[in-house]
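In: with the sequence up front, the predicted model follows.
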Amino acid sequence: MLRAILIIGIGGALGSIGRFLTDMAATRLIPSAFPFGTFTVNVLGCLLIGIAFGLLEQTEWFNVDWRLFFVTGFCGAYTTFSTFASDNVRLLHDGQYLNFATYTILSIALGIAAVLFGLWLVEK
C-alpha cells in the first residue's frame, strides 16, 4: 500500500507541475477572457488518458505500477475539472454567457474526442 501511495504521489507531483506549466504557456500564448489554460490542460489530459488506457490493453510493460503512476497520479493531478467548474462559475458571474457555453461544450466534446483519438493512436 505504501508503495502505491508513493508511486501515485510522485506521478501527482509531476502532473501538478505539468498542469501549471501548460496552463501558464497557453494563457501567455492566447490571452483572453476564455480560460484557454484550463481548456488546454483538460483536452491534453483526456488525450493522455486515452493513450494510457490503450497501452494498458495492448502491452505488458504498462503494468499496475505504471497505471498508478501515470493514470491515477500524473493524469489525476494534471486534469482540472474542478477548475473547469470554477471557471464556469466565474464566466457566469461575469456575464460572459457565450464564453461559458463555448467553454463547456468544447471542453466536453473535445475531451471525449481526445480520449477516443488517444485510443485510436495506440491501436494503429
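Out: That came through fine.

In: give me the low-pLDDT residue ranges for the chain?
Out: Scanning the chain for pLDDT under 70 picks out nothing.

In: ranges for the helices of it?
Out: 2-29, 36-58, 64-67, 76-78, 81-93, 97-123 (DSSP state H).

In: would you reformat those helices as a markdown table and include mean neighbour count?
Out: For every residue, glycine as well, the C-beta is placed using N, CA and C. Output for the helices of the chain, formatted as a markdown table (neighbours: other Cβ atoms under 10 Å):
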| stretch | mean neighbour count |
| --- | --- |
| helix 2-29 | 15 |
| helix 36-58 | 20 |
| helix 64-67 | 14 |
| helix 76-78 | 20 |
| helix 81-93 | 14 |
| helix 97-123 | 15 |
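
In: center of the chain, which residue is that?
Out: G45 (2.4 Å; Cα atoms, centre = their mean).
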